[in-house]
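K.L.:
3D model of this:
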Amino acid sequence: MNCQLILYDTDVIVDENILESNCLYYRINTEKLAYQELSNIIDEMIPYCLRPMNISKILFRNLTNTNSQNLTFEELRVSNVSTQELLAWSAPIDLVEKYQVYLNDIDLSLSNELFYNCTPPWFGLQCQYSFAFSEDMAIADVVENEFNIKTSYLESTGILIQQLPCYTHIKCDRGGTFLCLDWREVCNGRIDCIDEGLDEAFCFDMELNECEENEYRCHNGLCIPEEFWENGFGDADCLDRSDEFADVLYPNSCFQDPAFRCEEHSCRTNWHDFPCGDGQCVQKFDECHNGRHLLLIQSISNQGYLSDKCLIAMMCLTQLIKEIRGTVCETLFRNYFIYEFIKHCDPIFQFPIIPVHSNHIRFLYENISLKSDSNLLIIPDYVCYDEQLCDCLNSTFFYENLTCINSSELYLTTSISGHIWIDMILSIESYFRSCINHRIFFNKMNKYENQTLLLYQCNNSSKLISKHRIFDENIDCCMSDDENDKLSCQPTSKHRIKCINESKCLSSLHTHDDCPFTENQLEKKISFSKICDGSDEFLFKDLNGKIHTDESQCNYWPCNNMYSQCDGFWTCPNGKDEENCFQTGCQSETYACISPYNYSLICLSSQRVNDGIDDCLGAMDELRSCRRLYPSEKNPKRFRCQNSSLCLSSMELCNNIRTCPLGEDEDFCDKNRFMCQQISNFNRTIIEDILCRSIDNEKNRIIHFSIHTSSNYPQSETNTINEIIQLKQEKSHIQKHIRSEKISYSLSWYCNRGLTLRLRSEYENNERICMCPPSYYGDLCQYQNERVSLTLGLVRAERRNVYVIVIMLIDEDENINSYNQYEYIASQSCGVKLNRYLLFSKRPKNMSKNYSIRIDAYEKHSITYRGSWHLSIHFLFLPVNRISALLYMPFERTPILYNCFPTCINGECVQYLNKNYLFCRCFSGWSGIQCDIKLNNCQRCSSDSICIGSINDRSICVCPTMKFGPRCLLTSVCPKNACQNNGQCIPADISVSDSHYSCICSDHYYGPKCEYRKGQLDIYLENLNIPSFLSAFFLTISNESEPQLTIMIQKLTLFQRRVTFRISIPYNLVIVELNRKYYLAVIQSIPNLDLSTSINPSQECLSIEILFNSTLMAMSRFQRIKFYHIPCQTNHDLNCFMDKFYLCLCTKDRHANCVEFNYDKNLQCSSKHYCANGAQCLQDHPTCPSAIICLY
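P.N.:
From the prediction side, this is the model:
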C-alpha cells in the first residue's frame, strides 16, 4: 500500500479549457482465481481532481504557509535528495519531474524552484491541502474512509439538507423546486422533463440498433461483447444492467460505494426503476439512502392553484408524509378533520399539479367532498392524457386540451403493497407504458416505417417498438400484443431461451420462469448425486417426448451409495443406507422415530417408511414430501406439521413459537429452547437427538463429486506428502482504517460523491473545497459530468510480454480529448477488465462532432508499436456512453500498408485490428489525420520515450521499461534479488502502484516473487502409440463446490515416452487424452506436489458406446444414465468410462461415480496468426494458455 498522496496535473496554466487539476488516483483492483495461479482481474482507476466551475479561483489565490519547511532545488541537490525521496514525501509528480530535469542539466533557471516539505496530513505544492475526514496518507484509505462515514438519510434526522447532483446539459423542468434531472433518467423509457421532454427526444434511435453476431444486445439497444454476458466476472456491462441475471439484486450500499458498479449504471426497466442518483435503484417513492425520494415527494406537493387546506388534505391522503405545514396528518384522520379540509377543494381539480407520469398523464378529481369512504378519497375520478400519444385508448371526455378516461375503466391496482397511492402510480405507469413516448416520433415516422425487419407495430396503434421488446415482461402495446408468446421467437437473438414443446422464447429480462421446461434445462447436466435420491428435482424427455423425472426408472440404481449414506433419509426401502450411522437402540430394518401421540421412541417397521402414511412426529417417516417442496435448503425444512403441508427447519422447533397449526412443534419439548443447536448436542434427550439428527444429517450430505470411495492411483509409497501451496481464491482492495465516529448528515455529504479537502489560505485556515471523481464536477461536485465509461477486456498473446495500452478519446480531427495509460503484464493475470473514464474537452460536449475511442498497444521493453483498435460512439445524445470491448493482443506487429487516403506524411498507414478501417499512425512528435501537425511540446518527454500527442499543451509520453511519470523522466529500479528463482523483475510506476515491482516467473515457479515451486507430474506412456500432442485434464475436488477443471496440452516428439507437466494448483484426478482416447492417470485423495504415474491400455476410460448395447444407446441420455452402475458391476477390470457429458469412476463397491466432464472444449487458438503455413493452432485456455502448439 502506498502511503503517499502524490498529486498529478499541478503544473497547469490559466486557460478556460482547463477543466481539472490537482488529481489523486484511486485504484480498485479485484482478483478472482481463474486458471492455475492466475486470476481474472478487474482494474478500475478513479481520478479525484479539482473540477470547480472556476479553476483559477482555487489555484491562483494567495496561500499562506508558515508551518512547512521549504527548500530550493539547489538546496535539495546539495543535500543529495533524490527524486525517490521526494515521492516518498508526497511531492507532486510534476514537481518531482521538474527536479529531475534540474538534476540532469543543472538548469540555473530552476535552481530557486521551491519544494515544500509537508507535515502529514498536509500535502500539495505548498502543503495547502488536507482531507477533512481522514489523516491517512494513502488515497485508498482516504476514499474508503470518506465513503464509509457517509450517513444514510434513513439514519439522519429525516431532513434532506444537501442539494443532490444534477445533470444540467439538457433543458429540463423535473417538476419540483429541488428535484432535478439525474442522468439515468435520460432514455429510461418515460419522459421525466415535463416541459419539452428532451430527456427522451432522440432515444428511439437506439430501438433500431442491432448488434454484431459476437455481441449481446442490451435491452436498451446498446451492445457488449458476448463474452461479457453473464460471465460472472465482475459487474454488469450493459448500461441498463440487462446482462445480469433477472434475480440479481441491485447494490444497496451505493451511497458508500464510488465504483463503476454503482456510478456507471442506470436502472432496469422492469424492476425498481427510480434512480436515487448514486447507483441505488428503488421502487418509486421507496426510500433512497441519499434521500432523493424526498425530492420526488416534494415535487408533488407544489401548491399551484390549490387552496392550503385542499393541498394539505391531498398530501396527507397520499400517506407519503406525516406532516405538512404544521399539520400532523394523523390528527386529520383521527378526528375526521380530513372531510373539513377537502371541502376547500374545487369541484374539479387536478392533483398533483404536475403530471403523475411522463409529461402528460394527470389525475383529475371531481366533487371529492361528496365521497364518504376515506380510503377512496385519494383515488382519482379521471385520468387524463395526450390522445395523440395514446391513440388506442377510448376517452370519456376532454379537459383543458387533454383527453380523460374514467379511472374505473382502468382497474387501478391499489392492493399490492398496501399503500394506495404508490400502487396507483405503479399501475398508471404500467398502463400508460403503451403510449408513444414523444411527439418527435411522428416527425420521423417515414424513417421508422421502413424498418419492418427491426420494429414491431402495436395493434390498433401507430406505436413501433423494437422486436427485441416482444415478450419481455413489459407491456409496451395497449392491446398487450407485444407480450403474446406466439411472437416471442420472432427476434433472432440467440440469447433468448426456447421453451420445449411450445412456440415461446423467454427474454433475458424475465424474472420468473414462464416455461415448465426449457431447452436450457434440457441441456443442463444433472448432478450425479441427485439422481434416484428420493427427491424429484429434474424433468427430462425421452425420445418419444414423454416427460420423466430423475426419480423414475431407478431399478438399476443402488439405493445404498456414497451419496445417500447417512443423510437422514431412507433412500433404500429397508433403510440400509442409514444403518450404523448413529446409535438409536432400534434393530436393523426398523426406523427410529418419535411417536406423535406420546412423544416416545418407536422403532417403525421398514414397510411403514415412505408408504404415504404419517406414523412419526413431524412425518419423519415420509420425508419425500418436504424434500420435494424444499429440495435444496441451507437449513433443510424436514419436519412436517400434522395434517398440513407446512414444513419446518430444526431451528423452528422448541423456540417458544407454535408454528404448526396443532402446536406439536412445541408440545413435545422438555424445555423451551433451540434444541437442535450444536451447542446443545451433549444435553439432548434421546428423543431430541433422533429428531435433530434426522433433520440435520442432510446438511452433512455429500452433494459434490467425491473420490473417497476410490483407490489411489498410483499407489502411494510413503505417507509423506508435499502439498502444493494454494494461493488465495480472491483478493480485493481491503479497507484498513475506517473511522468509527459518525459525523453530521450534511457534513458527510458536503462534496456529494467527492472528497472533502481543507484548504489553507490567507482568508481561512480550514476552508472546505472538493475533489470530484470524473462523474461529477462543480464546487461541491454537484453536477453530473458527460463522459465515456469504458470497460476493456484484455486477452494476452504472449505470456511473457509487457504491454503499454494507451486509450484515447478523439474527435473527427484526431484531437485528443482525454487519455489513459495502463501497463499490462500478461503473465500476472488470466483476463483483465479495465474500467476507465474518458472525459470530453468541453462542457457540454460538442454535439456537432463525431467522437470515437482509439486504443494503441506497445511493447513496453522496446516501445514497439503492436496495433490499434477503434471503438465507435454511436449515441452521443446519451449523458454517459457506456462502452465495452474485448481486445485480443496481437502476436506480431500490425503490418504497414501503403494505400491510405489522404496520404500519411509523417506516419505510416495501418489497419485497425478490429475494423477494416485504415488510418495514419503518426511517428513520435507528429499528429493530425495525415500526421502533418508538428507537436511543439514533445521535447518535454524523455529522449528514450515516444511522444504520441498532446492535450492542454501537455505532451503524452509513452515510457520504456524502468521509466515512469507523465514525462517519463523518473526511474524505477528493482531491488537486488527481488524476484527469486531466476524470475524477471519489472519495475513499476511507484507513484500509482501498490508495489514497486512485479515478477515474471519461469515455467517452474510462481508466486508474487516466484517463491513457490510448481508441482511436477511425470506421465509414462506404456504400450501406446505416441501422438503428436497430449492433453491432460486436472480436476481439483472440493467439499464446497463442483470440481475445478484445468486443461494442459503438450506437443510430443516422435519417440517421447515421458511427458512432464508443471502445475501450480492442487489436483486430485487426472485424465489424459491421446489419439481421441482417454486414460485414467491419477487419483489421489490428498494432492502431492510431485508425482510419477503411467498410463496403458488397461487404464482407458471406455466410451459408453462400447459398453452399452443398441437398446440402451437408443435411450435419451437422462434415461440411459440410470443404467450407469451396470458396467462397473459386470466389468471388474474397468476403472472408468465416459459419455459426452460425464466421466465415471468405478468405486471400491463397484458403483459408478460420475462427474460432469467437458472433454470436448474448444482448444482452437483465439488468434489466427500464431501458427504459420496453415498449421493448426491449439491452446489449453481461451485467455491465458500455459501452452500454445502448432500441428501440421
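
K.L.:
residue closest to the middle of this structure?
P.N.:
Nearest residue to the geometric centre of the chain (CA atoms, centre = their mean): Asp235, 1.4 Å.

K.L.:
Name all residues that make contact with the residue nearest to Phe1029 when sequence neighbours are not counted.
P.N.:
In this structure, Phe1029 finds its nearest non-sequential neighbour in Lys1051, 4.9 Å apart by CB to CB, 6 or more residues apart in numbering. The way it works is simple: take the backbone N, C-alpha and C, and place the C-beta from them, glycine included. The neighbours of Lys1051, taking CB atoms under 8 Å, 6 or more residues apart in numbering as the test, are Ser1028, Phe1029, Ala1187, Ile1189, Leu1191.

K.L.:
Wasn't Asp423 part of a helix?
P.N.:
Yes - residue state for Asp423 (DSSP: H, G, I helix; E, B strand; the rest coil) corresponds to a helix.

K.L.:
That one against Glu429, yeah?
P.N.:
No - with contact taken as CB atoms under 8 Å, Asp423 and Glu429 are classed as non-touching, separated by 10.9 Å.

K.L.:
Spell out the secondary structure type for Tyr803.
P.N.:
For Tyr803, the assignment made with three-state DSSP gives strand.

K.L.:
any idea whether the residue nearest to it when sequence neighbours are not counted is helix, strand or coil?
P.N.:
Among residues not flanking Tyr803 along the chain, Tyr824 sits closest, at 4.3 Å (CB to CB, 6+ apart). Of the three states, Tyr824 takes strand under three-state DSSP.

K.L.:
what sits against Tyr824?
P.N.:
For Tyr824, the contacting residues are Leu794, Arg796, Val802, Tyr803, Val804, Ile805, Val832, Met889, taking CB under 8 Å, 6+ apart as the criterion.

K.L.:
can I get these in a markdown table with neighbour count and distance to Asp670?
P.N.:
Output for the contacts of Tyr824, formatted as a markdown table (neighbours: other CB atoms under 10 Å; distance: CB to CB, whole Å):
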| residue | neighbour count | distance to Asp670 |
| --- | --- | --- |
| Leu794 | 24 | 64 |
| Arg796 | 23 | 65 |
| Val802 | 20 | 70 |
| Tyr803 | 22 | 70 |
| Val804 | 20 | 72 |
| Ile805 | 22 | 69 |
| Val832 | 24 | 60 |
| Met889 | 21 | 69 |
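
K.L.:
Mind picking the lowest-pLDDT entry from those?
P.N.:
Of all these, the one the model is least sure of by pLDDT is Arg796, with 81.

K.L.:
Nearest spatial neighbour of that residue, chain-adjacent residues omitted?
P.N.:
On the basis of CB to CB, 6+ apart, the spatially nearest residue to Arg796 that is not a chain neighbour turns out to be Ala826, at 3.7 Å.

K.L.:
Am I right that that neighbour is in contact with Ile805?
P.N.:
No - counting by CB under 8 Å, no contact exists between Ala826 and Ile805, whose distance comes to 11.2 Å.

K.L.:
picking that back up, would you check how far apart the residue nearest to Tyr803 and Val804 are?
P.N.:
Here the distance between Tyr824 and Val804 works out to 8 Å (CB to CB, to the nearest Å).

K.L.:
do His272 as well
P.N.:
Counting by CB to CB, the gap between His272 and Val804 amounts to 41 Å.

K.L.:
got it, and Lys1051?
P.N.:
Summarising the geometry, the distance separating Lys1051 from Val804, computed by CB to CB, is 32 Å.

K.L.:
Same question for Arg836.
P.N.:
Taking CB to CB as the measure, Arg836 and Val804 are separated by 14 Å.

K.L.:
follow-up on the earlier one: please identify which of the contacts of Tyr824 is nearest to Tyr1079.
P.N.:
The shortest distance between Tyr1079 and any of these, using CB to CB, involves Arg796 and amounts to 31.3 Å.

K.L.:
pretty sure the closest one is touching Cys1184, no?
P.N.:
Yes - in this structure Arg796 lies within contact range of Cys1184 using CB under 8 Å: 6.4 Å.

K.L.:
rewinding a little: so what's the residue nearest to the centre of the chain up against?
P.N.:
By CB under 8 Å, 6+ apart, the residues touching Asp235 are Phe260, Arg261, His265.

K.L.:
which non-adjacent residue is nearest the last one?
P.N.:
Same thing as His265. With CB to CB, 6+ apart as the measure, Arg241 is the residue that lies nearest to His265, at 5.4 Å, once sequence neighbours are left out.

K.L.:
per-residue confidence for Lys736?
P.N.:
Lys736 is assigned a pLDDT of 42 by the prediction.

K.L.:
try Arg739
P.N.:
Confidence at Arg739, expressed as pLDDT, is 44.

K.L.:
circling back to that earlier point, which one of the contacts of Tyr824 is nearest to Ser1041?
P.N.:
Ranking the contacts of Tyr824 by separation from Ser1041, with CB to CB as the measure, puts Val832 on top at 24.2 Å.

K.L.:
quick one: strands adjacent to the strand or helix carrying the closest one?
P.N.:
Counting by DSSP states H and E, the secondary-structure element that holds Val832 is strand 831-839. Paired neighbours of strand 831-839 in the sheet (DSSP bridges): strand 38-50 (parallel), strand 787-795 (antiparallel).

K.L.:
Leaving out sequence neighbours, find the closest residue to Ile905.
P.N.:
Ranked by CB to CB, 6+ apart and with sequence neighbours excluded, the top spatial neighbour of Ile905 is Asp932, at 4.6 Å.

K.L.:
pretty sure the one you found is in contact with Thr903, am I right?
P.N.:
No - with contact taken as CB under 8 Å, Asp932 and Thr903 are classed as non-touching, separated by 9.5 Å.

K.L.:
ok, the closest residue to Ile1047 other than its chain neighbours - contacts?
P.N.:
If the residues on either side of it in the chain are set aside, Ile1047 comes closest to Asp1180, at 4.7 Å by CB to CB, 6+ apart. Contacts for Asp1180 (CB under 8 Å, 6+ apart) come out as Ser1031, Ile1047, Met1048, Ile1049, Leu1163, Ser1186, Ala1187.
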